[in-house]
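K.L.:
Quick one: sequence and predicted model below, then my questions.
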Amino acid sequence: MLAGSISIQVDSGAAQTITVGTSSNTLSTLADAINDTANIGVKASVVQNADDSYSLQLESNTAGSAGSLGSDFQHSRYHQTPALPL
């Protein structure tokens with residue numbers, strides 16, 4: 001099982017970190033944890049891809065360039081900092 005954390009930052013606001021433990025590490029529980037975080041500035045959804053796999057989708061609550069997202073995901077296998085342009 002995987003466990004780790006994801007930090008989400010909207011524009012120049014403070015990054016907020018969500019930690020996922022080994023007992024609750026599905027995309028659905030991660031989306032719920034993000035959505036339950038007050039003032040995080042994003043909506044998280046689980047979407048089904050064309051190949052029947054699933055992905056986590058983050059949507060900023062702020063339109064335009066002020067709603068640009070940054071994220072940093074860490075767990076024991078790798079560390080990734082993707083850019084998420086809107």
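P.N.:
That came through fine.
K.L.:
tell me the mean pLDDT over stretch 16-23?
P.N.:
Computed over stretch 16-23, the mean pLDDT rounds to 79.
K.L.:
Can you show me the CA trace of it as CSV?
P.N.:
Extracted in CSV, the C-alpha atoms of stretch 16-23 (Å, rounded to 0.1, in the frame of the first residue of the first chain):
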residue,chain,number,x,y,z
GLN,A,16,-2.0,23.2,2.0
THR,A,17,-0.8,19.6,2.6
ILE,A,18,-3.1,16.6,2.6
THR,A,19,-1.7,13.4,4.1
VAL,A,20,-2.9,10.0,3.1
GLY,A,21,-2.3,7.0,5.4
THR,A,22,-2.0,3.4,4.5
SER,A,23,-5.5,2.6,5.5
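K.L.:
Quick check: buried residues in it?
P.N.:
For stretch 16-23, a neighbour-count test (16 or more other Cβ atoms under 10 Å) marks 16, 18, 20 as buried. To be clear about C-beta, it is placed using only N, CA and C from the backbone, and glycine gets the same treatment.
K.L.:
same question, stretch 38-48
P.N.:
Using 16+ other Cβ under 10 Å as the test for burial, stretch 38-48 gives 40-42, 44.
K.L.:
Those: which two are farthest apart?
P.N.:
41 and 44 (11.1 Å; Cβ to Cβ).
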